[in-house]
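Q: From the sequence below, what's the structure:
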Amino acid sequence: MVAAFRATLEETVQADILLHVIDASSANWNEQVDEVNKTLKDIGADAIPQIQIFNKSDLMNPLVDSGAKYVRDEYGRMERICMSARTGDGLELLRQALAEAITEHSKKMDGKSASTEEIFDIHTAVH
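A: Reported below is the predicted structural model:
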């Protein structure tokens, strides 16, 4: 599989953040996450920050369902989001996570926050 998508995967290492969409209704989602993370490591993209998006929260497997709609990491960044593309539940959390990530990234790049226009553009693109 890696060979078939090498060009796409090579671009992955250029990313500032990865949105890792996980089928929360799958009985083996843990194994699928491990396989994706192994592939990211193989291509040198394992250090890129990820937001794990547990899609199909409306069909969520009890192993995934902890009752929380999102989880933040030890630095306060959204690390995991539960959402349903079918119902739209959780989409606002994804927008918020992306806006926060853009703001954090822009501070690292030039010491200032992303403009309202940049955050609005991302909000519009996700909507």
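
Q: and the gap between residue 108 and residue 58?
A: Computed as CB to CB, to the nearest Å, the residue 108 to residue 58 distance reads 36 Å. Where you see a C-beta, it was placed from the backbone N, CA and C, and this is true even at glycine.

Q: If you count contacts, what does the helix ranked longest in the chain end up packed against?
A: When the chain is parsed with DSSP state H, its longest helix is helix 91-110. Under the contact criterion of 3 or more CB pairs under 8 Å, 6 or more residues apart in numbering; DSSP states H and E, helix 91-110 touches strand 50-55, strand 78-82, helix 116-126.

Q: Show me what counts as buried in it.
A: 93-95, 97-104, 106 (16 or more other CB atoms under 10 Å).

Q: Residues in a beta bridge with the closest residue to residue 96 other than its chain neighbours, which ones?
A: Setting aside the residues directly before and after it, residue 96 is nearest to residue 78 in space (CB to CB, 6 or more residues apart in numbering), at 7.1 Å. Taking DSSP bridges as the rule, residue 78 bridges to residue 72.

Q: Before we move on, what's the pLDDT of residue 127?
A: According to the per-residue confidence, residue 127 scores 44 in pLDDT.
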